[in-house]
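In: Next one to model:
(2 chains)
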Number of protein chains: 2
Amino acid sequence: MSNKNNVTEAYKGWLTYKKITGANWLNENNKWLRTIVVKDHSEVMKSAKNELVNAICEMTDEEPTLANAVESSYQILLTTSKDNNVESLDELNEDGYVIQTIHSNDRSYISLTGKTDKGVLYASFHFLRLIQTRTNLDNLNIKENPANQYRMINQWDNMDGSIERGYAGESIFFENNKFTTNLERIKDYARLLSSVGINAISINNVNVHAVETKLITDEFLPDVAKVAEIFRNYAIKTFLSINYASPMQLGDLKTADPLNEDVRQWWKEKAKDVYRVIPDFGGFVVKADSEHRPGPFTYDRNHADGSNMLAEALEPFGGVVIWRCFVYNCMQDWRDRKTDRARAAYDHFKPLDGQFHDNVILQIKNGPMDFQVREANSPLFGALTETNQILEFQVTQEYTGQQRHLCYLIPQWKEILEFDTFAKGQGTPIKRIVDGSTFENKLSGIAAVSNIGNDNNWTGHQLAQANLYGYGRLIWNPDLSTEEITGEWVRATFGNDPEVVEQITTMLHDSWPIYENYTSPLGVGWMVNPNHHYGPNVDGYEYSVWGTYHFADWQGIGVDRTVKSGTGYTAQYFKENADMYESLDSCPDELLLFFHHVPYTHKLKSGVTVIQHIYNTHFEGVEQAIGLNERWSKLKGKIDEERYDNVANRLEVQIENAKQWRDIINTYFFRKSGINDEKNRTIY
Amino acid sequence: MSNKNNVTEAYKGWLTYKKITGANWLNENNKWLRTIVVKDHSEVMKSAKNELVNAICEMTDEEPTLANAVESSYQILLTTSKDNNVESLDELNEDGYVIQTIHSNDRSYISLTGKTDKGVLYASFHFLRLIQTRTNLDNLNIKENPANQYRMINQWDNMDGSIERGYAGESIFFENNKFTTNLERIKDYARLLSSVGINAISINNVNVHAVETKLITDEFLPDVAKVAEIFRNYAIKTFLSINYASPMQLGDLKTADPLNEDVRQWWKEKAKDVYRVIPDFGGFVVKADSEHRPGPFTYDRNHADGSNMLAEALEPFGGVVIWRCFVYNCMQDWRDRKTDRARAAYDHFKPLDGQFHDNVILQIKNGPMDFQVREANSPLFGALTETNQILEFQVTQEYTGQQRHLCYLIPQWKEILEFDTFAKGQGTPIKRIVDGSTFENKLSGIAAVSNIGNDNNWTGHQLAQANLYGYGRLIWNPDLSTEEITGEWVRATFGNDPEVVEQITTMLHDSWPIYENYTSPLGVGWMVNPNHHYGPNVDGYEYSVWGTYHFADWQGIGVDRTVKSGTGYTAQYFKENADMYESLDSCPDELLLFFHHVPYTHKLKSGVTVIQHIYNTHFEGVEQAIGLNERWSKLKGKIDEERYDNVANRLEVQIENAKQWRDIINTYFFRKSGINDEKNRTIY
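Out: Next up is the predicted model:
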């Protein structure tokens, strides 16, 4: 990786601050942008100031003057002090802020006020967004508190430079089993994350291999500290994924048993080591007893034993343990139709509710399987009433096109967050559980697997930047609509040309349903090539050990997860949802095959049969992918070449791959069912 | 790899010379073994002498005396000189020999006479085999000429130590991109090969990567020369696989076009370099225009242009070009049912017959696809009448259980060699084509991909040694029966205990049909996991680019390769075979699905339907695999632990994996056809 970053618009992403052209907006608002007054001088405040100065300079060609006090009219004030002119400061939480245009007797100014310097930083990015979207600044009155306490990104980066499920180049953190020397790029990543409110990051893969195990040793802690400093200046706490067997692999212990006194002592010493070097270290992310990773099961201990031991070690320093719930039998016998992987997280963790220390957070994937294009929501949300928890999304598009296909995930995440669990009766959506409000959790929030690498545009597919942006914005405020988020991102990234905004916005909004159309149908999931998970393979996981089956035969398809005749998974939901999914009549079609095994001739609510639906959606999906390409081609000349070509090339790939999906899925089901397409289209 | 070889019986293989116990044979024959007379003193003669001395010493506990002339009675004479007492010396070819017990007036001796020192070496190994099998030595009269001129082994070893399709550890030649320092092990490999008559070896993978491309440069040629010396002392010529793009990758040419004068000159200089260091170097093995390897197609030249250019460079030094015919479209669209990979080798090379220089040899795989458990024989055999050719077998068990399953391949190879091509009317078997006799080829023979690595027992599965042994013996003399070959190997390797001989012999003989039973049915092939090719995956290659399909749907299965309604492949055979395969009535059932697409309800000649045959053989195959294990367990205590446990452990793995095959294949076809097993056995 070169140390020279190629700072094009592709690289700048939504922090592209193009010179403002067209006189109107600037004429009216430029007065506000000429002087910045900074109270307090922490590193985070400096970041806020620098962001404002640099961005305003780029957009207006004038460098703002810095001042220490509000002296004349028309200034920007950055402060954490109480300003009696500003309303509702008392309602701010730790990261909240108020942006308000103050017109007092002798002066006018825009106050960016936070309860802490973090709030000021967030306010600054918000203020810049207002400029990017050409908002009039004369009468601002904005109060923002993030809904979620933890707003986290998980890097799945390995120290050899590879990224597990990474589709945008190599790691920006590591290469050749060392830390990168390109710290400037890490700073730019911190800027991108902070600008959308991310406040926590774990920098290494949850699958912790030999070298990465040593990240918590003197060999690498000084490097971790350097990275942590960069993130700290942007109000982001640094975490590390740890290897549960560290006491054996780093120490000379013969066990990693969480109840063994030597093991407990080892971790306590280890925590001291870490906090000596990084006093505000966030804590440990742990994938234990999952997909062959070591964990407490080895010693006949449960996950509460396992995580509480680490929690005790971190507690004196204010650290937390983020313990992943992705635990299931990954050596399942496909012949065993009683075991249901979807049940696993609930079955493992629900019985332990209330047994976790108060600095343990369970990290629960949005669905019970694994980030499919469509699956049910995890029944653990609402079921754990006395346990800190955060929800895990996947921004990296492992099962959603691997950033070669366009697949905008904000609509999917919105649906998930809005899903009513009925945990405390109607009106208990997942978003109100993971924000901690429903059960008054001490710690709560949302995490997600990052989609960035060292490709110049960060995300491989230029438009996949929208998923990272939207992730941050949505978890800051889950009440934002998809439209609001998309609108912000497109304007910040590509400017305000109405045709550009319109085309890209609608392309993004259409993309997830398009991808779903030509891939795995009706919620059944998988049907991908093993290991790398790209491209269609209907039986790819059918006879495997991974618990991921569709059970298609000559008559029908689907997984019976009902209580009546199946695995009983539906009973893990609260009654209203359990009843809805249990009944073939009320189960939503989009999840039909996730919950039921039905004949190909089963009629969907749309009136078409399952088999005809498969044919129809797969033919349509390809046409729609072709349509995306046509829509993009209209923007030629309106977007710089680097970004235009990137998307154009990937859309070509998407079309070809969508045809493979269409033909393989349709052929598979035609060869299996013998049922003709009613419209006699080509099936092989 | 340690430089200390662990010289157990597992390691010694069929060159295990156990002390002879039981007095009878030794009492009668020991007189012959006390003195060895060696005429001529080439390095090969020394090898012959050393083999005899060491083996006799081990078997009799007495070291034979060496003498320069036959002086008293009862001696062994090694000579290439004409000995008037020995019959039929004139009938010997280059590698032939006579073993004869001479009783003349004043003395008795056993003469091991070769036309060259190579013959003497082969005679010595033969003589030792006579002792291992307890043959009375008093009246020997044996004349042997190898049927095939080239008796070759291809190593698919990479310089990083890995072996493509290797199932017995890492390379014995290379590690860490260097040559090994354990030359002793290479010598022991030379002994094993020479003992069964192998006379040529290519030491690196036909897929020649970056480092291996440099084997023909000064960087590595001295190392190649050291290895070549070891093999030379055992009458084995050394070859290298080369990268067709070498003039570009090693030289500074912009092209590798075979008709470009600079390219031609480059190769001529390169040949000089190689022969300066290794004057008896064998030549180049070339995989060109195959599976993404570079070749003449890049420059719109054909394979005759491509190979003749290299042949001209090697010709002054007596070297040859071995040019593989494994050329096909490996980017096929599965939707295209007209293109047939099976046709490819014939379609590419038949039109070029007669255009190759006389030091070019085409290397043709036994079948038109790729070393499947059962496939048709290549129609190129018999079709090329004016081209040097050698047949290629695969000893390494890529598609036949990867040396975790027992699969003795001699019976398969026998069938292939005996197959009547009708090229010159009835009675033109493949063995008489590849030995050069049918078309009086200047150069001819057989090559095979090796199955050895640095596992202590060489072949991973102890009993897989039999495939390497049998390969050598069979190509020396294709008229040997499987029973003769097996008998020799078992006695040489495990001794003469009748129960041991009986059990192992029958296990070997049953093993190929057993493996076929539970894997891919009726000649259709594949149904394996992509890339590594281990374990069942019915659709693993069905929607791929590799041209390897079965076209199973709800009604039937198989590839229609007939002229009448299919790809026309059958027409590549001579009329008798073409007619046999074209007709559903006369096509042998074992190849039914290779040639025809039939309904599951099609009745085989046995009277059972195709679907019932699939069910039956798969249930039976597992039972038979269990039977193999039971039979082996009877030998516990009769075989040393290392070898016993090795086989016992692998048979356990075989059984488990056979069950996976059974259940996945049966379930796949049940789910697709909806037809019940007549015997109602468990299908999932």
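In: And the pLDDT for residue A:438?
Out: pLDDT recorded at residue A:438 is 98.
In: Could you do residue A:72 as well?
Out: Predicted confidence (pLDDT) for residue A:72: 74.
In: distance of it from residue A:35?
Out: For residue A:72, the distance to residue A:35 (CB to CB, to the nearest Å) stands at 8 Å. For every residue, glycine as well, the C-beta is placed using N, CA and C.
In: Which one of the two is surrounded by more residues?
Out: residue A:35 (19 against 11; other CB atoms under 10 Å in any protein chain shown).
In: quick one, what contacts the more buried one?
Out: Going by CB atoms under 8 Å, 6 or more residues apart in numbering or on different chains, residue A:35 touches A:64, A:65, A:66, A:67, A:72, A:74, A:75, A:76.
In: same question, residue A:267
Out: A:246, A:247, A:309, A:310, A:313.
In: if you set the cut-off to 6 Å instead, what comes out?
Out: The contact partners of residue A:267, by CB atoms under 6 Å, 6 or more residues apart in numbering or on different chains, come to residue A:313.
In: Let's verify it: helix, strand, or coil?
Out: Here residue A:267 is recorded as helix under DSSP: H, G, I helix; E, B strand; the rest coil.
In: Look at it and report its pLDDT.
Out: If you check residue A:267, the pLDDT there is 98.
In: Relative to residue A:316, how far out is it?
Out: To residue A:316, residue A:267 is 12 Å away according to CB to CB.
In: Report the buried residues of stretch A:408-421.
Out: If you call a residue buried by 16 or more other CB atoms under 10 Å in any protein chain shown, then stretch A:408-421 has these buried ones: A:408-417, A:419-421.
In: Show only the entries of those found in helices.
Out: A:410, A:411, A:412, A:413, A:414, A:415, A:416, A:417 (DSSP state H).
In: Next, the contact list for whichever residue of the stretch 301-450 of chain A sits closest to chain B, please.
Out: Closest residue of the stretch 301-450 of chain A to chain B, CB to the nearest CB: residue A:335 (4.6 Å). Residue A:335 makes contact with residue B:684 under the criterion CB under 6 Å, 6+ apart.
In: Same check on residue A:281?
Out: Residue A:281 is in contact with A:274, A:275, counting by CB under 6 Å, 6+ apart.
In: pLDDT wise, what is the spatially most central residue of chain A at?
Out: The structure's chain A has its C-alpha centroid closest to residue A:448; by CA atoms, centre = their mean the separation is 3.3 Å. The model reports residue A:448 with a pLDDT of 98.
In: show me what contacts it?
Out: With contact set as CB under 6 Å, 6+ apart, residue A:448 has these partners: A:393, A:395, A:471.
In: let's see 7 Å
Out: A:153, A:154, A:392, A:393, A:394, A:395, A:471 (CB atoms under 7 Å, 6 or more residues apart in numbering or on different chains).
In: which parts of chain A sit against chain B?
Out: With CB under 7 Å from any CB of the partner chain as the criterion, chain A meets chain B at residues A:335, A:539, A:543, A:552-554, A:663-664, A:671-674, A:684.
In: Among the residues you listed, which ones are in helices?
Out: A:663, A:664, A:671, A:672, A:673.
In: Closest to residue B:659 out of the residues you listed?
Out: Taking CB to CB as the measure, residue B:659 lies nearest residue A:672 of these, at 24.1 Å.
In: quick one: contacts for that closest one?
Out: Taking CB under 7 Å, 6+ apart as the criterion, residue A:672 is in contact with A:552, A:554, B:554, B:672.
In: Distance of the first one relative to residue A:80?
Out: Pointing back at residue A:552 there. As judged by CB to CB, residue A:552 and residue A:80 stand 60 Å apart.
In: for the last one, same thing?
Out: Shown here: residue B:672 relative to residue A:80, a distance of 68 Å by CB to CB.
In: Could you double-check that residue A:138 sits in contact with residue A:102?
Out: No. Using CB atoms under 7 Å, residue A:138 is not in contact with residue A:102; the gap is 11.1 Å.
In: If you count surrounding residues, which of those two has more?
Out: residue A:102 (19 against 13).
In: That one falls within a helix, correct?
Out: No. Read with three-state DSSP, residue A:102 is strand and lies in no helix.
In: Now the closest residue to it other than its chain neighbours. Its backbone dihedrals?
Out: Ranked by CB to CB, 6 or more residues apart in numbering or on different chains and with sequence neighbours excluded, the top spatial neighbour of residue A:102 is residue A:85, at 4.5 Å. Dihedral pair for residue A:85: phi -70, psi -20, per degrees, to the nearest 10.
In: Out of the ones in helices among the buried residues of stretch A:408-421, the closest to residue A:385 would be?
Out: Nearest to residue A:385 among these is residue A:417, at 18.8 Å by CB to CB.
In: show me what contacts the residue lying closest to that closest one once chain neighbours are set aside?
Out: Spatially, and ignoring its direct neighbours in sequence, residue A:417 is nearest to residue A:431 (3.9 Å; CB to CB, 6+ apart). Residue A:431 sits next to A:417, A:418, A:478 when contact means CB under 7 Å, 6+ apart.
In: Residue A:432 is in contact with the second one, correct?
Out: Going back to what we said before, that points to residue A:418. No. Counting by CB under 7 Å, residue A:418 stays clear of residue A:432, with 9.9 Å between them.
In: thinking again about what came up before, take the residues of chain A next to chain B and lay them out in CSV including pLDDT.
Out: Shown next, in CSV, are the residues of chain A next to chain B (pLDDT from 0 to 100):
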residue, pLDDT
A:335, 96
A:539, 97
A:543, 97
A:552, 98
A:553, 98
A:554, 98
A:663, 98
A:664, 98
A:671, 98
A:672, 98
A:673, 98
A:674, 98
A:684, 95
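In: List only buried entries from the residues you listed.
Out: Applying 16+ other CB under 10 Å to the residues of chain A next to chain B flags A:539, A:543, A:552, A:553, A:554, A:663, A:664, A:671, A:672, A:673, A:684 as buried.
In: Now flag whichever of these is closest to residue B:640.
Out: Using CB to CB, residue A:543 comes nearest to residue B:640 of these, at 38.4 Å.
In: what's that closest one sitting at in phi/psi?
Out: The phi and psi torsions at residue A:543 (degrees, to the nearest 10) take the values phi -120, psi 40.
In: quick one on the thing from earlier: nearest to chain B among the contacts of residue A:35?
Out: Comparing those against chain B with CB to the nearest CB picks out residue A:64 as the nearest, at 54.8 Å.
In: what's near enough to touch that closest one?
Out: With contact taken as CB under 7 Å, 6+ apart, residue A:64 is in contact with A:33, A:34, A:35, A:36, A:53, A:56.
In: low-scoring pLDDT stretches of chain A, where are they?
Out: Across chain A, the ranges flagged by pLDDT under 70 are A:1-3.
In: let's go with 50 and repeat that
Out: Counting by pLDDT under 50, the ranges of chain A that qualify are A:1-2.
In: Could you list every helix and strand in contact with the helix or strand harbouring residue A:513?
Out: Secondary structure from DSSP states H and E places residue A:513 in helix A:498-518. Applying 3 or more CB pairs under 7 Å, 6 or more residues apart in numbering or on different chains; DSSP states H and E, we find helix A:498-518 packed against helix A:410-418, helix A:482-494, helix A:610-633, helix A:641-673.
In: Great, nothing more from me.
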